[in-house]
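K.L.:
Quick one, what's the 3D model for this:
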Amino acid sequence: MIISFNLIMITAAAVLAGSLLLSLTAIGIGWRARRRAASAVAAAGIAGLRAAEAEAALAALAGRLQELQAERERAGAVGTRPGLRQAVALSRHGASTDELVTTCRIGQSEARLIQMLYGSPKTGVAVAATEVH
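P.N.:
This is a model prediction of the structure:
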């Protein structure tokens, strides 16, 4: 069996072409993988920044929640507002607008309204007289 020189050259050229094709394919796949890896690293960086922002916002909200809880505890320690019922009762017994404001910790307009609705006739007339002047 005689192998011709042309057959050897064709075989060598085919092997070389196949190797070149495989190399180019590997380079293309590597280039794509490198691009995807760079994209994944960028996405991970963005996700990290967003997570840091979320943590900062959460820490700020936690601080605000603590402030509100402390404020609520201070308000509870001071005692509750005597309320409108006490103002109505005091108004029925002839308390003045200023007395209602200071004792019941209500506004001036609330005290006037309570006196007009529930006050004795004497205090109702006195309130009406002060509003006229």
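
K.L.:
How many neighbouring residues does Gln66 have?
P.N.:
Residues lying near Gln66 (other Cβ atoms under 10 Å) number 10. (Glycine included, C-beta is placed from N, CA and C.)

K.L.:
now do Thr11
P.N.:
Other residues within reach of Thr11, judged by other Cβ under 10 Å, total 11.

K.L.:
Check Ala60 too.
P.N.:
Neighbour tally, Ala60, other Cβ under 10 Å: 10.

K.L.:
now the helices for this structure?
P.N.:
All helices of the chain, identified by DSSP state H, fall at 5-78, 83-92, 97-104, 108-118, 121-132.

K.L.:
is it possible to export these to CSV including mean pLDDT?
P.N.:
Shown next, in CSV, are these (pLDDT from 0 to 100):
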stretch, mean pLDDT
helix 5-78, 91
helix 83-92, 86
helix 97-104, 89
helix 108-118, 91
helix 121-132, 52
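
K.L.:
any idea how this protein splits into domains?
P.N.:
36-79, 81-133 (automatic domain parsing).

K.L.:
roughly how far out does the last one sit from the chain middle?
P.N.:
Average the C-alpha atoms of domain 81-133, do the same for its chain, and the two points are 43 Å apart (Cα atoms, centre = their mean, to the nearest Å).

K.L.:
same deal with stretch 59-77?
P.N.:
For stretch 59-77 - counting by Cα atoms, centre = their mean - the centre lies 16 Å from the chain centre.

K.L.:
Alpha carbons only: can I get that stretch in PDB?
P.N.:
Taking C-alpha atoms only, stretch 59-77 is exported to PDB below (Å, rounded to 0.1, in the frame of the first residue of the first chain):
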ATOM      1  CA  ALA A  59     -31.600  51.400  59.700                       C
ATOM      2  CA  ALA A  60     -33.200  54.900  59.300                       C
ATOM      3  CA  LEU A  61     -36.700  53.400  59.700                       C
ATOM      4  CA  ALA A  62     -35.600  51.400  62.800                       C
ATOM      5  CA  GLY A  63     -34.200  54.600  64.300                       C
ATOM      6  CA  ARG A  64     -37.400  56.400  63.600                       C
ATOM      7  CA  LEU A  65     -39.400  53.500  65.100                       C
ATOM      8  CA  GLN A  66     -37.400  53.700  68.300                       C
ATOM      9  CA  GLU A  67     -38.000  57.500  68.500                       C
ATOM     10  CA  LEU A  68     -41.700  57.000  68.100                       C
ATOM     11  CA  GLN A  69     -41.800  54.200  70.700                       C
ATOM     12  CA  ALA A  70     -39.800  56.400  73.100                       C
ATOM     13  CA  GLU A  71     -42.200  59.300  72.400                       C
ATOM     14  CA  ARG A  72     -45.200  57.000  73.000                       C
ATOM     15  CA  GLU A  73     -43.700  55.800  76.300                       C
ATOM     16  CA  ARG A  74     -43.100  59.400  77.400                       C
ATOM     17  CA  ALA A  75     -46.700  60.300  76.500                       C
ATOM     18  CA  GLY A  76     -48.000  57.300  78.500                       C
ATOM     19  CA  ALA A  77     -45.800  58.200  81.500                       C
END
